[in-house]
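**Q** sequence first, predicted coordinates after that:
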Amino acid sequence: MATHSTIATAPNGLRFTSWAETRISHAEMEHLVGAVPRILVPALADRCYYFVPLVIAEGDQLLVASAHTEDAAERASCHRDLSLGPIRAVFLSARLTDDRFGLTFEFCINVAHNFVDSVGVPASFGELVRSQAQAGVRGETSRDAWDARRKVHPVDAEAGGDGVSERALKEYAEATFTDALAIYMLSLVTDLDYHDLREREYPLLAAPSLAERLRHVAQLFPPNDGYEFLIRYRRKG
């Protein structure tokens, strides 16, 4: 069973394991998990990341498929959480798509969510994104961030920015920080073209504004040894 698989510990201290036909080597998983900055790991001490072929939620039950089938893939989710005694397990579907980029981002966004759930958002980051919104920077990093920003700093100038609830500010800070932390960790694992994250439902955050957020995150959570954070801009012409 997946829950009985041997748990490993990456050099940064984060726990992970795999089960059945994930088509990901142990070295690849260790490199991915090891990208999480060491300074983040204490907040994730009760977490373990399970890489499995497919995870399926049926009512209150969590099922793990030992191999990829069309039927299982249609019912599978990107991830599911499960409490296993003292361990808060995060099951990740490694075979939901053949796109390794997608799995990498799914892992990073889960880690970011787990960190925010445990610790919250650094105050300095919240101040940064609020100042960007007030300055009218274009776009956001996800649909959740875009929707949250419109509550904090409406596009309609008549709405103004007064009277914004603390809850709305908190939701905006959490959404933007989760995105930024995930994108930052993703960039430590693979070369990332920011426009690969573009979706149609909202305008993508302007690249210089994202770079400002990522540099701030990198200062708070420097890369581990063996990982490098760089921002490169494409030259026109």
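**A** That came through fine.
**Q** just give me the neighbour total for residue 74.
**A** 9 (other C-beta atoms under 10 Å). In this view, the C-beta of every residue, glycine as well, is placed from N, C-alpha and C.
**Q** now name the helix or strand holding it.
**A** Element membership of residue 74, judged by DSSP states H and E, is helix 70-75.
**Q** give the residue spans of this structure that score low on pLDDT.
**A** Scanning the chain for pLDDT under 70 picks out 1-4, 154-164, 234-237.
**Q** where along it do the helices fall?
**A** Along the chain, counting by DSSP state H, helices occupy 26-33, 70-75, 100-119, 123-134, 143-152, 166-189, 207-220.
**Q** break the chain into its domains for me.
**A** 2-98, 123-220 (automatic domain parsing).
**Q** what does stretch 184-203 contact?
**A** When contacts are defined by C-beta atoms under 8 Å, 6 or more residues apart in numbering, stretch 184-203 is touched by residues 31-32, 35-37, 101, 104-105, 108, 111-112, 138-143, 146, 183, 204, 207, 210, 214, 217-218, 221, 223, 227-230.
**Q** revised request: answer the last question for stretch 107-127.
**A** 32-33, 35-36, 40, 43-44, 47, 49, 79, 88, 90, 92, 169-170, 173-174, 176-183, 185-186, 189, 213, 216-217, 220.
**Q** sorry, back to before: and among the helices of the chain, the most buried is which?
**A** helix 166-189 (a mean of 21; mean count of other C-beta atoms under 10 Å).
**Q** one step back: and of the helices of the chain, who's closest to residue 63?
**A** Among the helices of the chain, helix 70-75 comes nearest to residue 63, with 8.5 Å by C-beta to C-beta.
**Q** packing partners of the closest one?
**A** strand 54-58 (3 or more C-beta pairs under 8 Å, 6 or more residues apart in numbering; DSSP states H and E).
**Q** give me the number of residues near residue 66?
**A** 14.
**Q** is it correct that it is in contact with residue 72?
**A** No - counting by C-beta atoms under 8 Å, residue 66 sits too far from residue 72 to count as a contact (9.3 Å).
**Q** any common contacting residues for those two?
**A** Joint contacts of residue 66 and residue 72 (C-beta under 8 Å, 6+ apart) are residue 53.
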